[in-house]
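Enquirer: Below is the structure, and that's it, no one-letter string:
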């Protein structure tokens, strides 16, 4: 079982920046991948970014590529999502997720943190 707690959400103006953090605990293994997802009411959950924990390789959805950066601090068991040049359409509930030990099938989820981008 993995406990994930997100923080850093809130309101921000379009064009601004925000950093989300995900504190992980209760690890009995090292997840193969960690990721950030987002969802708005009535829409499917979107995989925003994920990172391979072994080497830090990161992948991004086309909608955030060049604006968002995912990173990890293994010493603090924390995952980050730096969001720059925020757009109105980035408003969503953002979730942190951890995969299993052998692949990137995400199994564990945080409760989410809300990001609201306003004009």
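Expert: Thanks, I have the structure now. Predicted model only: the values in this text are computed from it and were never measured. Numbers count the residues shown, from 1 in each chain.

Enquirer: tell me the contacts of the one residue sitting closest to the centre of the chain?
Expert: With distances taken as CA atoms, centre = their mean, the residue of the chain nearest its centroid is residue 36 (2.4 Å). For residue 36, the contact set (CB atoms under 8 Å, 6 or more residues apart in numbering) comprises 20, 22, 47-50, 68, 70, 79, 81, 94-97. Just so you know, the C-beta spots here come from the backbone N, C-alpha and C atoms, and that holds for glycine as well.

Enquirer: now these as JSON lines including neighbour count?
Expert: JSON lines is the format used below for these (neighbours: other CB atoms under 10 Å):
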{"residue": "20", "neighbour count": "24"}
{"residue": "22", "neighbour count": "26"}
{"residue": "47", "neighbour count": "15"}
{"residue": "48", "neighbour count": "24"}
{"residue": "49", "neighbour count": "22"}
{"residue": "50", "neighbour count": "23"}
{"residue": "68", "neighbour count": "21"}
{"residue": "70", "neighbour count": "22"}
{"residue": "79", "neighbour count": "29"}
{"residue": "81", "neighbour count": "26"}
{"residue": "94", "neighbour count": "25"}
{"residue": "95", "neighbour count": "22"}
{"residue": "96", "neighbour count": "28"}
{"residue": "97", "neighbour count": "24"}
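
Enquirer: is the residue nearest to the centre of the chain in a bridge, and if so with what?
Expert: Here residue 36 sits in beta bridges with residue 49, residue 96, going by DSSP bridges.

Enquirer: Please report how far it lies from residue 77.
Expert: Distance, residue 36 to residue 77, using CB to CB, to the nearest Å: 16 Å.

Enquirer: Then residue 55?
Expert: Taken as CB to CB, the span from residue 55 to residue 77 is 17 Å.

Enquirer: of the two, who's got more company?
Expert: Neighbour tally, residue 55 and residue 77, criterion other CB atoms under 10 Å: the higher count belongs to residue 77, 16 against 7.
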